[in-house]
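[1] 3D, please:
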Amino acid sequence: MNTDFTFTIKSLSLDENYHPSDSTRITTNFANLARGESRQDNLRNALKMIDNSFNALAHWDNPKGDRYSVELEIISVDMDIEGSDQTFPSIEVLKTNIVDNKTKERIEGIVGNNFSSYVRDYDFSVLLLDHNKDQAQFSIPENFGDLHGKLFQYFVNSNTYKEHFNKAPVICLSVSDNKVYSRTENKHPVLGFEYEPNESSLTEQYFKKMGLQVRYFMPPNSVAPLAFYFFGDLLNDYSNLELISTISTMETFQKIYRPEIYNANAVAGNCYQPNLKNQDHSLTQIVYDREERSQLAIKQGKFAEEHFIKPYQAVLEQWSASYA
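    I've put the predicted structure just below:
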């Protein structure tokens, strides 16, 4: 069978002048910030938080805490099925670049970080909801996440990916509020203390189908662990500055979106259960509508169903069955 998908990669700077494009998922962390009348302040404040966080972690040879700044690129991946020139916006991630203001050197950071995908919205906000509509007990549809996982691996292994990026992606997410995390003795200088969850989550299983494994670390200066999804060896495949670029970027987003966890006034202890109802937290100066975001996920899942899953169903099923 000769179905082939070709990928086109587009890059856009995420700076204070950023406006989301029509094909960007609005639920994406950075796109959600860049709307409304506070958009420019939101972006400026978020980028400043990222720089401050980066310098606090990269404190060596950095007496004034201003040596580095982080530049962000939004990487959009469009997929063309069957060479029809009809592309579908398949994946959007962030790429970090580090500027050393002392040496004027520009250092490539990590690609991945934030991860958004219309097909994932379809899986979680359409397929999973429909499957459980009339069920007495929650269950997972058969082959849940298979297609999405294979498409992601196909992209990461493609020549297009390798031409643009030197290293495999790392995706950084929030911890889950229905699991308990225990601190281990393992401590990394930049990632901090490692935590282990009491059980696997649906998100973990979903990302596993994308070929990614997960480890949980609470970096120095942080109040809660973050979930790092990666291929290979997280601790040895990336430099300290690369890891710091991911931590500072993604923890900033989490402080804005999940302040109850990541901007809590108390630090996670040896045994930690995140709590989205925690009142003892501080808010950032950044405006954001969490309610709107969950409604948009359903809208965007339906968009994927209408423009990707349904029209190409036969092709996708055939391709998925034959993709090893």
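[2] only C-alpha atoms for contact and neighbour calcs from this point on.
    OK.
[3] what's near enough to touch residue 272?
    Applying Cα atoms under 8 Å, 6 or more residues apart in numbering, one finds that residue 272 lies in contact with 180-182.
[4] what's the closest of the residues you listed to residue 172?
    Sorting the contacts of residue 272 by distance to residue 172 puts residue 181 at the head of the list, at 16.5 Å, by Cα to Cα.
[5] The stretch 151-300 of the chain: strands as residue ranges?
    Secondary structure of the stretch 151-300 of the chain (DSSP state E, counting those that start in this stretch): strands at 170-173, 181-188, 192-197, 213-218, 226-230, 271-272.
[6] ok so, going back, of the contacts of residue 272, which is the nearest to residue 142?
    Set against residue 142, the nearest of those by Cα to Cα is residue 180 (27.2 Å).
[7] Distance check, the residue most central in space within the chain against residue 299.
    By Cα atoms, centre = their mean, the chain has its centre lying nearest to residue 114, at 2.4 Å. Using Cα to Cα, to the nearest Å, residue 114 is found at 20 Å from residue 299.
[8] One more: residue 187?
    From residue 187 across to residue 299, the span is 41 Å (Cα to Cα).
[9] And residue 150, by the same measure?
    Here the criterion is Cα to Cα. By it, residue 150 lies 24 Å from residue 299.
[10] shaky segments in this protein?
    1-3, 21-32, 34-35, 83, 287-294 (pLDDT under 70).
[11] how does it look with 50?
    Residue ranges of the chain with pLDDT under 50: 1.
[12] ranges for the helices of it?
    Applying DSSP state H to the chain gives helices spanning 29-33, 39-57, 118-122, 128-131, 146-156, 159-164, 202-208, 234-237, 240-257, 259-262, 290-304, 313-322.
[13] Count residues in the vicinity of residue 136, would you?
    When neighbours are defined as other Cα atoms under 10 Å, residue 136 has 7 of them.
[14] Revised request: answer the last question for residue 302.
    For residue 302, the neighbour count with other Cα under 10 Å is 21.
[15] Ok, residue 175 next?
    Using other Cα under 10 Å, the number of residues around residue 175 comes to 21.
[16] returning to what we had before: generate a markdown table for the helices of the chain, with distance to residue 9 as supplementary columns.
    Formatted as a markdown table, those follow (distance: least, Cα to Cα, whole Å):
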| stretch | distance to residue 9 |
| --- | --- |
| helix 29-33 | 18 |
| helix 39-57 | 23 |
| helix 118-122 | 16 |
| helix 128-131 | 29 |
| helix 146-156 | 11 |
| helix 159-164 | 8 |
| helix 202-208 | 22 |
| helix 234-237 | 24 |
| helix 240-257 | 21 |
| helix 259-262 | 32 |
| helix 290-304 | 19 |
| helix 313-322 | 21 |
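[17] Residue 8 is nearest to which of those helices?
    Among the helices of the chain, the nearest to residue 8 by Cα to Cα is helix 159-164 (7.5 Å).
[18] so what does the closest one touch, helix or strand wise?
    strand 5-14 (3 or more Cα pairs under 8 Å, 6 or more residues apart in numbering; DSSP states H and E).
[19] Now do the strand it packs on against helix 313-322, angle only.
    Interaxial angle of strand 5-14 relative to helix 313-322 (axes from the mean of the first three to the mean of the last three Cα atoms, to 10 degrees): 100 degrees.
[20] Tell me the strands beside strand 5-14, with direction?
    Strand 5-14 sits in its sheet next to strand 68-81 (antiparallel), going by DSSP bridges.
[21] which other residues reach the strand it pairs with?
    Against strand 68-81 from outside (Cα under 8 Å, 6+ apart): 3-15, 47, 50-51, 54-55, 86-102, 245.
[22] CA atoms only for that strand, dumped as PDB, please.
    Presented in PDB, the C-alpha positions along strand 68-81 are these (Å, rounded to 0.1, in the frame of the first residue of the first chain):
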ATOM      1  CA  TYR A  68      20.000  34.700  29.100                       C
ATOM      2  CA  SER A  69      16.800  35.300  27.300                       C
ATOM      3  CA  VAL A  70      14.500  32.800  25.700                       C
ATOM      4  CA  GLU A  71      13.100  33.200  22.200                       C
ATOM      5  CA  LEU A  72      10.100  31.000  21.300                       C
ATOM      6  CA  GLU A  73       9.000  29.700  17.900                       C
ATOM      7  CA  ILE A  74       5.600  28.200  17.200                       C
ATOM      8  CA  ILE A  75       6.100  25.200  15.000                       C
ATOM      9  CA  SER A  76       3.000  24.200  13.000                       C
ATOM     10  CA  VAL A  77       3.000  20.900  11.100                       C
ATOM     11  CA  ASP A  78       0.600  20.600   8.200                       C
ATOM     12  CA  MET A  79      -0.100  17.100   6.800                       C
ATOM     13  CA  ASP A  80      -0.900  16.400   3.100                       C
ATOM     14  CA  ILE A  81      -2.700  13.100   2.500                       C
END
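[23] in that strand, what's buried?
    For strand 68-81, the neighbour count (16 or more other Cα atoms under 10 Å) marks 68-81 as buried.
[24] With stretch 144-161 instead?
    Residues of stretch 144-161 classed as buried by neighbour count (16+ other Cα under 10 Å): 144-145, 147-152, 154-156, 161.
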